[in-house]
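with the sequence up front, the predicted model follows.
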Amino acid sequence: MVNHFLAYRSVDDLIKDNRYLDIYVASIDSLFFRTLLRGKAGRLYTFDDGAANVIKPGIYDGEYLSLRARVYTSIVGALTPMQIRNASQIHYTIYSDIDNIVPRERTEFIDVFDHLKYEVNPKESVTFFIGQPFSEYLSELEIFRLRRYLNSQKIQYYLMHPREQMALISNAQILDKGGELAEIAIFETARGRRPRIISCFSSVVLNISGDFADKVYLSVARDLMEKRRLELMATMGCEIVQIDHLP
């Protein structure tokens, strides 16, 4: 939160003081953006910021702010996520069949992945793991269990998250996406083989249809949000592996 406030202080006053006709924002939980939006009278539009948009309850659903976030919001006079959601005239989404953070009548679908309809050979497969900054939200025991599971799988390619400092396993090739979206890089690397995608909660497993890939969702939590994630991932055709149930 402090970093967000310092980032706001560093923004040129001309940007902060100007009023705009149209404003587009995704990360509405960010104190930086919520502070920047205060006093702006332009038309507000929102768009997806990953899979968090479709999880309820979640960081974008309701007033899901920590006590510290509420204090900072009050101090700087920032808008709340709920205020931004209510003000959004149109929310642009890549998820056509899943409820989002705003009512359906104010959402507009953008078909970004329509071209991801590859011919794949079900008799040949290649396994990908989608990395995340696990050290930020998993305990050492959870990371140990996760690593042990991954080592039991024949993973060929590892897609590292930008905030991931070190890969969890060393027996997989780090996939250089070359600036491409992960979804596209997976199919280009698979070269006609059917991808098997192993991941914790990631938009990648939502964006790729089960018609063209096998998907494994690794559950590492037990809270209410995780219950919703499990329901969503099951409807998306994912195999569920609960890491905390592994020995």
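Ah, there it is.

quick one, domains of this protein?
2-109, 121-245 (automatic domain parsing).

can I get the ones you listed in a markdown table with mean pLDDT?
Shown next, in a markdown table, are the domains of the chain (pLDDT from 0 to 100):
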| stretch | mean pLDDT |
| --- | --- |
| domain 2-109 | 77 |
| domain 121-245 | 89 |
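
redo those domains as TSV? Include mean neighbour count.
Every residue, glycine included, has its C-beta placed from N, CA and C. Shown next, in TSV, are those (neighbours: other C-beta atoms under 10 Å):
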stretch	mean neighbour count
domain 2-109	16
domain 121-245	16
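
strands along this protein, start to end?
Per DSSP state E, the chain carries strands over the ranges 22-25, 43-47, 88-93, 107-109, 121-130, 157-159, 173-174, 193-199, 214-219, 239-242.

name the strands paired with the fifth one and say parallel or antiparallel.
Within its sheet, strand 121-130 is paired with strand 157-159 (parallel), strand 193-199 (parallel), according to DSSP bridges.

keeping just the C-alphas, turn it into PDB.
Extracted in PDB, the C-alpha atoms of strand 121-130 (Å, rounded to 0.1, in the frame of the first residue of the first chain):
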ATOM      1  CA  ASN A 121      -3.100 -35.100 -31.900                       C
ATOM      2  CA  PRO A 122      -4.600 -36.700 -28.800                       C
ATOM      3  CA  LYS A 123      -2.100 -39.600 -29.000                       C
ATOM      4  CA  GLU A 124       0.800 -37.200 -28.500                       C
ATOM      5  CA  SER A 125       1.000 -34.900 -25.500                       C
ATOM      6  CA  VAL A 126       3.300 -32.400 -23.900                       C
ATOM      7  CA  THR A 127       3.000 -31.000 -20.300                       C
ATOM      8  CA  PHE A 128       3.300 -27.400 -19.300                       C
ATOM      9  CA  PHE A 129       3.400 -25.900 -15.800                       C
ATOM     10  CA  ILE A 130       2.200 -22.400 -15.200                       C
END
